[in-house]
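Undergrad: okay, here's the prediction I keep looking at, along with the sequence it came from:
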Amino acid sequence: MTADEQAADQAARGESERVDVTLTVNGETRSLAIDPRTSLLDLLREHLALTGAKKGCDHGQCGACTVHLDGRRIVSCLMPAVQTDGRAVKTIEALASPNGELHPMQRAFIDHDALQCGYCTPGQIMAAVACVDEGHAGSTEEIREYMSGNICRCGAYVGVVSAIQDAAAKMRRT
Amino acid sequence: MQTFSYTRAETVEDAVRSVAGAGPRTCFIAGGTTLYDLMKLNLETPNKIVDITGLRDLNHIDAGGHSELVFGALARMSDVAAHPQIADEYPAISESLWRAASQQLRNVATLGGNLLQRTRCVYFRGGEPFACNKRDPGSGCAAQQGNDRGHALLGGSSSCVAVYPGDLAVALVAFDAKIDVLGVTGERTIAVEALHREPGTSPNVETTLKSGELILRVRVPKTTMGRASTYHKIRDRESYAFALASAAVALDMDGDTVRDARIAIGGLATRPWRARAAEQVLAGKTLSQRTARQAGDAALHEAKPGRNNSFRIELGARTVADALMIARQRA
């Protein structure tokens, strides 16, 4: 079969031509051949068994799938995984120190009771760390504005805001 | 989601050639926050996607030039919003960006893609059960007999009343911005105001771009009016929502007298809407609460309400008036 015939054959069977992707996930280089329809979220959860990032809406509206790509927060559900070739992803799994010591933001979420069911929490924490790193945690109003992409159905927002204020002070000291 | 083939463009010429010659179901992908979302809903069904995110010469932000601001089409929304000179000298542009979407989306979404963002009409996005002339030409418009609370009051037709959802384009229209686009026959320049079409009888055709044309950059003429500007956005919730009504305004003041005003409105029309009648109301007048409100009324003068959205005439007029008073403080 020619390449074109092969592609047509795959399309007829409802499959896409695989694309090679090499990315760094939590410091480790990973190479995969993926269907180009795969989202970064599905790559993390289904291919790499990193289930910390959660699938809420799958349309970029809830923030539960937030991870860092090259140091910036993104929603992994709206990121085609093929576009992460050569780039670095960090997920909630790599936020604590290798010795198990929690990141100040993780500690603050516990201390401030910033969750109820916990489903949005990995996304909230990854967004919150970025919010502080960006310099967008200067006031309650600013935190609320820059955390508005993370929805908490349990309504733990008051705890989330106070956790971020607490963690921001500790993160700035370190 | 339908299957597709995926390639990465090495140069802008390569990108344009790959898309222009490959049929209507071939498209560019940049940040993908609109396209990939709509592909998940089977509202966009490309069979070939050309990734342009590797085109490094399209992600520049140049605010240092003599006569204009220049933004590469791949400049990210968050980077342009946070650019100190833009925030200081053109607050309307910065605000139109940081008051849109969430920081996670703005970190990925590009200016070129943002201009081409498609409507959030629930009947368009809802798919199959709903008639939609934009999605399925000739099928009808479910909004006409449905809940049109969020639909357009300006620029609609009996075929479609879907709102153009973007914010940046509204600010750009107020500043007479242009885009440069590249097609197989070469480069041309389009005013941002001439980029989006009103639906008329063909709501499926949303822009004046030709097949395969790629936005290269956005150019904004420099003006001292930039400092006395704002993008005021009213939503159902305080943040992370589309506009029920918005206004981009910029002022040139001589004391309390308006020398020149620029007014464009968003969230209310089928395309970014420059409100020249409102600008004329203010020219040469003293700016006060009263004249600001007269300008707001003029901006909405041609509004045609549907079944559930007439409250947004008053809301739109007040949004324009409040925006003018905010800009006044910056003059």
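TA: Yep, it's here.

Undergrad: quick one: average pLDDT of stretch B:294-305?
TA: For stretch B:294-305, mean pLDDT rounds to 98.

Undergrad: other residues contacting it?
TA: Here stretch B:294-305 makes contact (C-beta atoms under 8 Å, 6 or more residues apart in numbering or on different chains) with B:153-154, B:156, B:247, B:261, B:263, B:265, B:268, B:275, B:277-282, B:312-313, B:316-321, B:324. Where you see a C-beta, it was placed from the backbone N, CA and C, and this is true even at glycine.

Undergrad: nearest spatial neighbour of residue B:199, chain-adjacent residues omitted?
TA: Nearest non-adjacent residue to residue B:199, counting by C-beta to C-beta, 6 or more residues apart in numbering or on different chains: residue B:160, 3.7 Å away.

Undergrad: and residue B:131, by the same measure?
TA: Closest residue to residue B:131 apart from its sequence neighbours, by C-beta to C-beta, 6+ apart: residue B:140 at 3.5 Å.

Undergrad: the one you found and residue B:134 touch, don't they?
TA: No: assessed by C-beta atoms under 8 Å, residue B:140 is found out of contact with residue B:134, at 11.0 Å.

Undergrad: between the two, which is the more surrounded one?
TA: residue B:134 (22 against 15; other C-beta atoms under 10 Å in any protein chain shown).

Undergrad: next SSE after the lowest-mean-pLDDT helix or strand in chain A?
TA: None of the helices or strands of chain A scores lower by mean pLDDT, DSSP states H and E than helix A:3-12, at a mean of 62. Later in the chain than helix A:3-12, the nearest helix or strand by DSSP states H and E is strand A:19-25.

Undergrad: let me see the mean pLDDT of that following strand.
TA: On average, strand A:19-25 scores 98.

Undergrad: downstream neighbour of that strand in the secondary structure list?
TA: Later in the chain than strand A:19-25, the nearest helix or strand by DSSP H and E is strand A:28-34.

Undergrad: identify the residues contacting the helix or strand following that following strand?
TA: Heading C-terminal from strand A:28-34, the first helix or strand you meet, by DSSP H and E, is helix A:40-42. Contacts with helix A:40-42, where a contact means C-beta under 8 Å, 6+ apart, come from A:53, A:55, A:58, A:65, A:67, A:69, A:74, A:76-77, A:79-81, A:84, A:89.

Undergrad: helices and strands around the helix or strand just after helix A:40-42, which ones?
TA: Going down the chain from helix A:40-42, the next helix or strand is strand A:66-69, by DSSP H and E. In terms of contacts (3 or more C-beta pairs under 8 Å, 6 or more residues apart in numbering or on different chains; DSSP states H and E), strand A:66-69 is packed against strand A:72-75, strand A:88-90, helix A:121-133.

Undergrad: JSON lines please, covering the contacts of helix A:40-42 and showing neighbour count, distance to residue B:303 and pLDDT.
TA: JSON lines is the format used below for the contacts of helix A:40-42 (neighbours: other C-beta atoms under 10 Å in any protein chain shown; distance: C-beta to C-beta, whole Å; pLDDT from 0 to 100):
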{"residue": "A:53", "neighbour count": "23", "distance to residue B:303": "44", "pLDDT": "98"}
{"residue": "A:55", "neighbour count": "16", "distance to residue B:303": "41", "pLDDT": "98"}
{"residue": "A:58", "neighbour count": "17", "distance to residue B:303": "36", "pLDDT": "98"}
{"residue": "A:65", "neighbour count": "31", "distance to residue B:303": "39", "pLDDT": "98"}
{"residue": "A:67", "neighbour count": "30", "distance to residue B:303": "43", "pLDDT": "98"}
{"residue": "A:69", "neighbour count": "20", "distance to residue B:303": "42", "pLDDT": "98"}
{"residue": "A:74", "neighbour count": "29", "distance to residue B:303": "38", "pLDDT": "98"}
{"residue": "A:76", "neighbour count": "30", "distance to residue B:303": "41", "pLDDT": "98"}
{"residue": "A:77", "neighbour count": "27", "distance to residue B:303": "37", "pLDDT": "98"}
{"residue": "A:79", "neighbour count": "26", "distance to residue B:303": "39", "pLDDT": "98"}
{"residue": "A:80", "neighbour count": "23", "distance to residue B:303": "40", "pLDDT": "98"}
{"residue": "A:81", "neighbour count": "24", "distance to residue B:303": "45", "pLDDT": "98"}
{"residue": "A:84", "neighbour count": "21", "distance to residue B:303": "45", "pLDDT": "98"}
{"residue": "A:89", "neighbour count": "26", "distance to residue B:303": "47", "pLDDT": "98"}
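
Undergrad: contact partners for the one residue in chain B that gets nearest to chain A?
TA: The nearest approach of chain B to chain A comes at residue B:102, 2.3 Å away (C-beta to the nearest C-beta). Going by C-beta under 8 Å, 6+ apart, residue B:102 touches A:60, A:63, A:75, A:148, A:149, A:150, B:240.

Undergrad: just to revisit the earlier point, residue A:24 is nearest to which of the helices and strands packed on strand A:66-69?
TA: For residue A:24, the closest of the helices and strands packed on strand A:66-69 is strand A:88-90, at 4.3 Å, according to C-beta to C-beta.

Undergrad: how close does the residue lying closest to residue B:180 once chain neighbours are set aside sit to residue B:188?
TA: Computed as C-beta to C-beta, 6+ apart, the closest residue to residue B:180 that is not its neighbour in sequence is residue B:216, at 4.7 Å. Separation of residue B:216 from residue B:188 (C-beta to C-beta, to the nearest Å): 10 Å.

Undergrad: which one's more surrounded, those two?
TA: Remark: of residue B:216 and residue B:188, residue B:216 carries more neighbours, 21 against 12, as counted by other C-beta under 10 Å.

Undergrad: three-state assignment of that one?
TA: Under DSSP: H, G, I helix; E, B strand; the rest coil, the three-state class of residue B:216 is strand.

Undergrad: and the contacts of stretch B:294-305, which of them are buried?
TA: Taking 16 or more other C-beta atoms under 10 Å in any protein chain shown as the criterion, what is buried in the contacts of stretch B:294-305 is B:153-154, B:156, B:247, B:261, B:263, B:265, B:268, B:275, B:278-279, B:281-282, B:312-313, B:316-321, B:324.
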